[in-house]
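**Student:** sequence and predicted structure, then a few things I'm wondering about:
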Amino acid sequence: MNFSCNPMHIELVACIEWVNGAVQMGINNIVLEKDAEQVVWALQGDDFRLSMLGGLVHELEELLGENFVSSQV
């Protein structure tokens, strides 16, 4: 990446790229395992909705919700 705000920014971008790859491969069920607790908390709650990274959190939530029969974080 040419620019990142913080480590969480990099983690979210990496998750989005990986999930997009899973979508392209036709995977229907996904378990997203992260060691970055902030990313897990962001996906399980709505605390990051208005943060600088809220758009990335929303994009990842949408990818998981729209493209998989089941998803788990």
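**Tutor:** Perfect, I can see it now.
**Student:** OK, contacts around residue 72?
**Tutor:** When the contact criterion is C-beta atoms under 8 Å, 6 or more residues apart in numbering, the partners of residue 72 are 30, 31, 32. Heads up, the C-betas are built off the backbone N, CA and C, glycines and all.
**Student:** wait, the first one sits on residue 69?
**Tutor:** What that stands for is residue 30. No. Taking contacts as C-beta atoms under 8 Å, residue 30 lies outside contact range of residue 69: 9.1 Å.
**Student:** who's more crowded, those two?
**Tutor:** For residue 30 versus residue 69, the count of surrounding residues by other C-beta atoms under 10 Å is larger for residue 30: 18 against 8.
**Student:** what lies in contact with the host helix or strand of that one?
**Tutor:** Secondary-structure element containing residue 30, defined by DSSP states H and E: strand 29-31. With C-beta under 8 Å, 6+ apart as the contact definition, strand 29-31 has outside contacts at 19, 22, 64, 68, 69, 70, 71, 72, 73.
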